[in-house]
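Undergrad: Pasted the sequence and its predicted model underneath.
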Amino acid sequence: MPKPNPFKSFGEYLIFLWRAFTNREPIHIYWRLYMDECLLIGIDSLTIVAITSTFIGAVTAVQTAYNLVSPLIPVYIIGVIVRDMTILELAPTVTAIVFAGKVGSNIAGQLGTMRITEQIDALEVMGINSTSFLVLPKIFAGITMYPLLVILAGFLAILGGYVAGTLGGLITPDEYIYGIRADFIEFNVTFALIKSFVFAFLITSISAFQGYYTQGGALEVGIASTKAVTNSCIALLLADYLLAELLV
Amino acid sequence: MVEVKNINKSFGNKQVLFDVSAVFKPGITNMIIGGSGTGKSVLLKNIVGLVVPDTGSVLFDGRDFHSGSREEKKALRQEIGMLFQSAALFDSKNVEENVRFPLDMLSNMPMDEKMDRVNFCLKRVGLENVNKKMPSELSGGMKKRVGIARAIALQTKYLFCDEPNSGLDPLTSIMIDNLIHEITTEYNITTVIVSHDMNSVMEIGEHIIFMYRGAKLWEGSNETIFDSDVKELNEFIFSNKLMRRFKR
């Protein structure tokens, strides 16, 4: 098996995106596909996103309280830390890794199976641009639904921190509420949403790319799904760093 | 009529088609036969445009497919139906949606006309009352028949079949062969079937080309195939006991 060349793969990824965004089918054809993908990508991810974000917020509150050993630091700082960590990193980035695991592997598996069972060839023979037909609805559903999931994740993480902090006796409700409102920078929310758009685009497009070019059989579909998750995670962490450098 | 002129095709350093030329006339079943790995499927993929030949041309009633513009190719593809080896039905759609798919994508018919056409095509292939079944609920033969119904839904002028009876029992194979033959003569379609099944050849092979190591080695019909003195063809025909007994 030839060794994969990352530069060649990146070039193929760009050509793949070009094919997806050009020579599209009429817009009305995409509407139902888009709605189906919104359900699959967004609604079906609610449970896992809700569970992970609530617990991440709770753990952040408990860990922060555990590490607050100086009496000089006010307790409300727990709320500040939970809020800032949630909005800046935990909600957009950690949720993105969960999202890549669930949605990315699903996209790659679906397209990979379509490829090896000749369903993509069937579309091409009919004269349909299979790249845009199959991939565009996924990308647009991703960049619509993922920011909403991030908003939900942020809310639930802060709520999780509140519940864990107050029920565990680490902080009073008033202190926590004061903490999450103290020195609030509105741009952080904008920044989180910018990240969520970028991450959703990367996860959906990279996963679709991996699945679309699957060759072989069931084993290769599994490999494509794994690659979709790992490559998406690497790309989103790189993008996270670049966005932090550019926007903060 | 489909004309293939001097097709050459290589993948990397490996040439798989050597100067293949053939004429496939309408209203008869044309077959491309040969052993595994002789270039039959690659030739078919060159004809339907899934693979671009290195040199040579494919003419559909005088229209050169590969040198046509994107719009010309798209228009031509709407006259092409293809039955894939695995039937390539869309997993997420039921039978009715699969057959209706080309009409949804490529025609401006109102829904009731589309449904009439879908029901007509399903009836034509001997499938009724399965409209709402999913592909996973169908037998291999039924999948192939749905594949044929989808291929003819747009009133196709050219029908291509890649090993239409692979994986089917002998009775179902003959039924699929006869169905393809009937549709071909009834609608005066240009049909090209790739097969290595001698039963199919004897049943419906009105015009046959024999491929060997990427080149066309013999051309004739099921009437003349036993008179051939081509050693490779005779080895192919008489490779099983039944045919050897028949020869004696």
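TA: Perfect, thanks for sending it.

Undergrad: Neighbours of the residue lying closest to residue A:247 once chain neighbours are set aside, how many?
TA: The shortest distance from residue A:247 to any non-neighbouring residue, by Cβ to Cβ, 6 or more residues apart in numbering or on different chains, is to residue A:191 (5.6 Å). Yep, even glycine has a C-beta here, placed from its N, CA and C like the rest. Neighbours of residue A:191 under the rule other Cβ atoms under 10 Å in any protein chain shown: 18.

Undergrad: quick one: what helix or strand has residue A:191 in it?
TA: In the assignment (DSSP states H and E), residue A:191 maps to helix A:187-212.

Undergrad: now swap in residue B:217 and tell me
TA: Short version, using DSSP H and E: residue B:217 is in strand B:215-220.

Undergrad: Name the residues that touch that strand?
TA: Strand B:215-220 has contacts (Cβ atoms under 8 Å, 6 or more residues apart in numbering or on different chains) with B:17-22, B:39, B:207-211, B:228, B:230, B:232-233.

Undergrad: Tell me the residues of chain A that contact chain B?
TA: A:23, A:25, A:29, A:113-114, A:117-119, A:121-122, A:124-128 (Cβ under 8 Å from any Cβ of the partner chain).

Undergrad: give me that answer again for 6 Å
TA: With the criterion set to Cβ under 6 Å from any Cβ of the partner chain, chain A comes near chain B through A:117-119, A:121-122, A:124-128.

Undergrad: What's the local residue count around residue B:61?
TA: Residue B:61: 13 neighbours (other Cβ under 10 Å).

Undergrad: In contact with the residue of chain B found nearest chain A, which residues?
TA: Distances between chain B and chain A by Cβ to the nearest Cβ are smallest at residue B:77, namely 3.2 Å. Taking Cβ atoms under 6 Å, 6 or more residues apart in numbering or on different chains, we find residue B:77 in contact with residue A:127.

Undergrad: Return the distance of it relative to residue B:86.
TA: Distance, residue B:77 to residue B:86, by Cβ to Cβ, to the nearest Å: 20 Å.

Undergrad: Identify each buried residue in the host helix or strand of residue A:58, please.
TA: Using DSSP H and E, residue A:58 sits within helix A:46-67. Burial within helix A:46-67, assessed by neighbour count using 16 or more other Cβ atoms under 10 Å in any protein chain shown, is assigned to A:48-50, A:52-54, A:56-62, A:64-65.

Undergrad: following that helix, which helix or strand comes up?
TA: Going down the chain from helix A:46-67, the next helix or strand is helix A:77-85, by DSSP H and E.

Undergrad: can you list contacts of that following helix?
TA: With contact meaning Cβ under 6 Å, 6+ apart, helix A:77-85 is reached by A:57, A:60-61, A:64-65, A:161, A:165, A:171, A:176, A:179-180, A:182.

Undergrad: want to try a markdown table for those residues, with distance to residue B:239 and pLDDT as columns?
TA: A markdown table is the format used below for these (distance: Cβ to Cβ, whole Å; pLDDT from 0 to 100):
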| residue | distance to residue B:239 | pLDDT |
| --- | --- | --- |
| A:57 | 69 | 94 |
| A:60 | 70 | 94 |
| A:61 | 74 | 94 |
| A:64 | 75 | 93 |
| A:65 | 78 | 92 |
| A:161 | 73 | 95 |
| A:165 | 77 | 93 |
| A:171 | 81 | 92 |
| A:176 | 80 | 94 |
| A:179 | 81 | 93 |
| A:180 | 78 | 92 |
| A:182 | 83 | 92 |
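
Undergrad: Considering those, which is situated nearest to chain B?
TA: Nearest to chain B out of the contacts of helix A:77-85 is residue A:57 (Cβ to the nearest Cβ; 35.9 Å).

Undergrad: Correct me if wrong: the closest one contacts residue A:153.
TA: No: at 8.8 Å, residue A:57 does not count as touching residue A:153 under the criterion of Cβ atoms under 6 Å.

Undergrad: From the centre of chain B outward, give me the first residue you hit.
TA: Against the mean C-alpha coordinate of chain B, by Cα atoms, centre = their mean, the closest residue is residue B:161 at 1.7 Å.

Undergrad: Tell me which other helices or strands the helix or strand that residue falls within touches.
TA: Residue B:161 belongs to strand B:158-162 when elements are defined using DSSP H and E. Taking 3 or more Cβ pairs under 6 Å, 6 or more residues apart in numbering or on different chains; DSSP states H and E as contact, the helices and strands that strand B:158-162 lies on are helix B:40-48, strand B:80-83, strand B:190-195.

Undergrad: how long is stretch A:179-189 from one end to the other?
TA: In stretch A:179-189, first residue to last residue: 16 Å (Cα to Cα, to the nearest Å).

Undergrad: If we go by neighbour counts, what in that stretch is buried?
TA: Under 16+ other Cβ under 10 Å, the buried positions of stretch A:179-189 are A:179-180, A:189.

Undergrad: and the helices and strands packed on strand B:158-162 as CSV, adding mean neighbour count, distance to residue B:153 and mean pLDDT?
TA: Formatted as CSV, these follow (neighbours: other Cβ atoms under 10 Å in any protein chain shown; distance: least, Cβ to Cβ, whole Å; pLDDT from 0 to 100):
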stretch, mean neighbour count, distance to residue B:153, mean pLDDT
helix B:40-48, 23, 17, 93
strand B:80-83, 26, 8, 93
strand B:190-195, 26, 16, 94
